[in-house]
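Engineer: Please find the sequence and the predicted model below.
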Amino acid sequence: GGEGSPNPGVVYCGYGDGCVRRWNIAERRVDKTFLGHRAAVISLHLDPVRSRLLTGSDDGTCRVWDLNLFEEDNRQMDPIAEFRGHLDGVSCVRAGGRKFLATGSHDHTVRL
């Protein structure tokens with residue numbers, strides 16, 4: 001799956017290899033790779049308030065990425081946080097303002 005961006009020139013896509021890649025539309029190429037998940041990335045959410053990308057994976061985790069930490073010469077990004085608690089893939093991730101994060105999983109639970 002993929003999700004648009006506050007920057008209309010890029011799109012974020014989750015992949016089966018556990019990576020998220022940011023595609024530069026105009027240049028038709030990947031310009032950033034987010035490393036961290038150990039299984040397919042199955043959900044994405046952009047939080048424009050805090051410039052965060054939230055990702056959920058079949059590895060049962062949610063990871064948070066700070067989009068303000070991009071460095072032009074660094075093509076790889078590491079997460080700033082990892083949340084565990086689900087017994088199956090995290091199929092839904094959402095930010096709730098500045099303090100909350102909600103996740104839903106194939107294990108039929110929701111976590112805040």
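Structural biologist: In hand now; what should we look at? Numbers count the residues shown, from 1 in each chain.

Engineer: can we go C-alpha only for contacts and neighbour counts from here?
Structural biologist: Noted.

Engineer: And the pLDDT at R28?
Structural biologist: In this model, R28 is scored at 95, pLDDT.

Engineer: And E3, by the same measure?
Structural biologist: Turning to E3, the model gives it a pLDDT of 59.

Engineer: can you pull up the bridge partners for the most centrally placed residue in the chain?
Structural biologist: By Cα atoms, centre = their mean, the mean C-alpha position of the chain lies nearest to T55, the distance being 2.8 Å. Beta bridges link T55 to L44, R63, judged by DSSP bridges.

Engineer: wait, what's in contact with it?
Structural biologist: With contacts defined as Cα atoms under 8 Å, 6 or more residues apart in numbering, T55 is in contact with 41-45, 62-64, 93.

Engineer: Would you check which pair of those lies furthest apart?
Structural biologist: Within those, two members stand farthest from each other by Cα to Cα: I42 and V64, at 14.2 Å.

Engineer: Comparing the two, which residue is more hemmed in?
Structural biologist: A count of neighbours by other Cα atoms under 10 Å puts I42 above the other of I42 and V64, at 23 against 19.
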